[in-house]
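Participant: no sequence on this one, just coordinates:
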């Protein structure tokens, strides 16, 4: 986990990642700040790809996030890989949910893998 992810409270779990909300990642209304949700999605999807390659690095080419509801307390990720093309470009998505399994945000990204 890189420094920014650790400072935001992002932690790896068995089925994805978790981010406990607090002053470091909430906005002035006490809910998850959009940029931190975006970072959580990048970390979760990118890490998912890193686990599937034997060597190389993963770079974000594009990431779209639809914010659906307020995130409070703890938020979690669940990932899927859609396809791998030429072993270089990978598309995946990430659902971000709250403690009650309600959808907070949905992210879809394209990542470039180097060897």
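Facilitator: Okay, I see it. Bear in mind the structure is a predicted one, so any value in this text is a computation, not a measurement. Numbering: from 1, shown residues only.
Participant: Wasn't residue 70 part of a strand?
Facilitator: No - counting by DSSP: H, G, I helix; E, B strand; the rest coil, residue 70 is not found in a strand; it is coil.
Participant: Could you tell me how far it is located from residue 80?
Facilitator: For residue 70, the distance to residue 80 (Cβ to Cβ, to the nearest Å) stands at 24 Å. (Glycine included, C-beta is placed from N, CA and C.)
Participant: which residues are contacting the helix or strand encompassing residue 45?
Facilitator: Residue 45 is part of helix 34-50, with elements assigned from DSSP states H and E. Contacts of helix 34-50 from elsewhere in the structure, counted by Cβ atoms under 8 Å, 6 or more residues apart in numbering, are 1-2, 4-5, 8, 10, 12, 16-17, 19, 25, 27, 58, 60, 63, 65, 67, 71, 75, 77, 79, 81, 90, 92-94, 96, 104-105, 107, 109, 111, 113.
Participant: Quick one, which of those residues are buried?
Facilitator: Among the contacts of helix 34-50, those classed as buried by 16 or more other Cβ atoms under 10 Å are 5, 8, 10, 16-17, 19, 25, 58, 63, 65, 71, 75, 77, 79, 90, 92-94, 96, 104-105, 107, 109, 111, 113.
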